[in-house]
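>>> Next comes the sequence, and after it the predicted model I'd like to discuss.
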Amino acid sequence: MTATTNVFLDKQEYGKDKVRLLKVHKDTKVHRVDDLTIRCLLSGSAFTTSYTEASNKRVVATDSIKNTCYVLAKSSKVVDTLELFAGELANHFLNTYDWVEGAHVTIIRHRWARMIIDGKPHNHSFWRDGEETRQTDLFVKRGPNGLRTVVALKSAIAGLLVLKTTGSSFEDFVRDEYTTLAETKDRILSTCVDATWEFHVPAVKTEHFASHLAQIPFNNIYDSVRDVTCKTFAEDESASVQATLYKMATQSIQNWKWLDRVSYALPNKHFFAVDLSYFRGTKNLQEHADVYQPLADPSGLITATVARAPGSHARL
Ligand SMILES: O=c1[nH]c(=O)c2[nH]c(=O)[nH]c2[nH]1
């Protein structure tokens, strides 16, 4: 005899993923583009029966969710600010379907840099200058008494590949019977930056949701976190990836009162100086190194989150 195990639907979210969309801003003859990949997921207890009883009565088709992305991209004035466009989409689903309790929108923006032709920026031609993306992830819930509660709003830079040829050391680490790595005062430092910054957004009345979000200078914060990341990477006399990461994260929290937490995931992409001593005693190690072998795998992986200390929150 098989015992019956009681189960319940613990979590659910559904929607459309990988909605691809290119918005061209043609307000002047200098066109701008936003090339986006969008995920919109809806949740709420009304959807339970779609899983447990095969009832589609309350299911907004994922195809309609996809169409909504295009319809709102047409009318929106804020597609170029990912966080605000994510807010418009989330708010739309919460306003339109009163049984939707949560809207979770993730947007990835792909790079298109303006072409320089004959030394001048071209009006309407672009090139892909790397695989780096800007991203945002917004989860909004219907709160009590007509409130919109932002459960989480975080933005990110992913895949920013950087390399410096000096200004990085790694010394004084544990030496034991497992250690083969030599200490170095001067090494190549290269990483592929994933940086995430989390916003503090208090619950607001539904009708104030958009204007409230619009107070936050999202694009300036993105530019600034990217600048801080690059400047710190370039200028820090790095004692380790850990120490450089901490400096990056700390500055952005201190620069922007809206940020609660800043996280980095930094792979240490190793470049080892090639030992050429077998070839006529050629010196290429330590201070003589200028020929390196990039190591695809393995890499180190250094991660950390720096948070604003409790009680030191500057509130909106
Ligand atoms: O910056 C570094 N941090 C480490 O923890 C580490 N470990 C290692 O082998 N090389 C490095 N580099």
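Nice, I can see it. Numbering: from 1, shown residues only.
>>> Please make it C-alpha for all contacts and neighbour counts, starting now.
Noted.
>>> how much space between the closest residue to residue 15 other than its chain neighbours and residue 206?
Spatial nearest neighbour of residue 15, excluding adjacent residues (CA to CA, 6 or more residues apart in numbering): residue 41 at 4.2 Å. Here the criterion is CA to CA, to the nearest Å. By it, residue 41 lies 19 Å from residue 206.
>>> follow-up on the earlier one: the ligand versus the residue nearest to residue 15, what's the distance?
Residue 41 sits at a distance of 38 Å from the ligand (criterion: CA to the nearest ligand atom, to the nearest Å).
>>> What is the neighbour count of that residue?
Residue 41 has 20 neighbouring residues, counting by other CA atoms under 10 Å.
>>> Output the helix or strand it falls within as PDB, nothing but the C-alphas.
Residue 41 belongs to strand 32-43 when assigned by DSSP states H and E. Only the C-alpha atoms of strand 32-43 are listed here, as PDB (Å, rounded to 0.1, in the frame of the first residue of the first chain):
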ATOM      1  CA  ARG A  32      19.400  56.300 -29.600                       C
ATOM      2  CA  VAL A  33      18.700  52.600 -29.100                       C
ATOM      3  CA  ASP A  34      17.700  50.400 -26.200                       C
ATOM      4  CA  ASP A  35      18.200  46.700 -27.000                       C
ATOM      5  CA  LEU A  36      16.500  44.700 -24.300                       C
ATOM      6  CA  THR A  37      15.800  41.200 -23.100                       C
ATOM      7  CA  ILE A  38      12.800  41.200 -20.700                       C
ATOM      8  CA  ARG A  39      11.400  38.600 -18.300                       C
ATOM      9  CA  CYS A  40       8.000  39.300 -16.700                       C
ATOM     10  CA  LEU A  41       6.700  36.900 -14.100                       C
ATOM     11  CA  LEU A  42       3.300  37.100 -12.300                       C
ATOM     12  CA  SER A  43       2.300  35.500  -9.100                       C
END
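>>> Direction included, what does that strand pair against?
Strand 32-43 sits in its sheet next to strand 14-25 (antiparallel), strand 102-110 (antiparallel), going by DSSP bridges.
>>> from the middle of its chain, how far away would that strand be?
Distance of strand 32-43 from the chain centroid (CA atoms, centre = their mean, to the nearest Å) equals 13 Å.
>>> ok, residues contacting it?
By CA atoms under 8 Å, 6 or more residues apart in numbering, the residues outside strand 32-43 that reach it are 12-26, 65, 69, 79-80, 90, 93, 100-112, 124.
>>> what sits against the spatially closest residue to residue 137 that is not a sequence neighbour?
In space, and not counting its chain neighbours, residue 137 is closest to residue 106: 4.3 Å by CA to CA, 6+ apart. The neighbourhood of residue 106, defined by CA under 8 Å, 6+ apart, consists of 38-40, 86, 135-138.
>>> what's the closest of those residues to residue 244?
Nearest to residue 244, judged by CA to CA, of the contacts of residue 106 is residue 135 at 22.8 Å.
>>> now the residue nearest to residue 137, which residues is it bridged with?
residue 39, residue 137.
>>> going forward, begin numbering at 42 instead of 1
That works, and once the first residue is 42, the last one we named lands at residue 147.
>>> about what we covered before: just put the contacts of residue 147 in JSON lines and tack on distance to residue 325, pLDDT and neighbour count.
Output for the contacts of residue 147, formatted as JSON lines (distance: CA to CA, whole Å; pLDDT from 0 to 100; neighbours: other CA atoms under 10 Å):
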{"residue": "79", "distance to residue 325": "48", "pLDDT": "98", "neighbour count": "22"}
{"residue": "80", "distance to residue 325": "49", "pLDDT": "98", "neighbour count": "22"}
{"residue": "81", "distance to residue 325": "53", "pLDDT": "98", "neighbour count": "28"}
{"residue": "127", "distance to residue 325": "52", "pLDDT": "98", "neighbour count": "28"}
{"residue": "176", "distance to residue 325": "41", "pLDDT": "98", "neighbour count": "22"}
{"residue": "177", "distance to residue 325": "44", "pLDDT": "98", "neighbour count": "24"}
{"residue": "178", "distance to residue 325": "46", "pLDDT": "98", "neighbour count": "22"}
{"residue": "179", "distance to residue 325": "50", "pLDDT": "97", "neighbour count": "23"}
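>>> In three-state terms, label residue 119 for me.
coil (DSSP: H, G, I helix; E, B strand; the rest coil).
>>> next one: residue 228
Residue 228 carries the three-state label coil when classified by three-state DSSP.
>>> you'd agree it is up against residue 278?
No. Counting by CA atoms under 8 Å, residue 228 stays clear of residue 278, with 11.1 Å between them.
>>> neighbour count winner among these two?
Each of residue 228 and residue 278 has its neighbours counted (other CA under 10 Å); residue 228 has more, 22 against 15.
>>> Contact partners for the more buried one?
206-211 are the contacts of residue 228 under CA under 8 Å, 6+ apart.
>>> Out of those, which comes closest to the ligand?
Among these, residue 211 lies closest to the ligand (CA to the nearest ligand atom), at 5.8 Å.
>>> what pairs with that closest one across the strands?
Legend: beta-bridge partners of residue 211 under DSSP bridges are residue 225.
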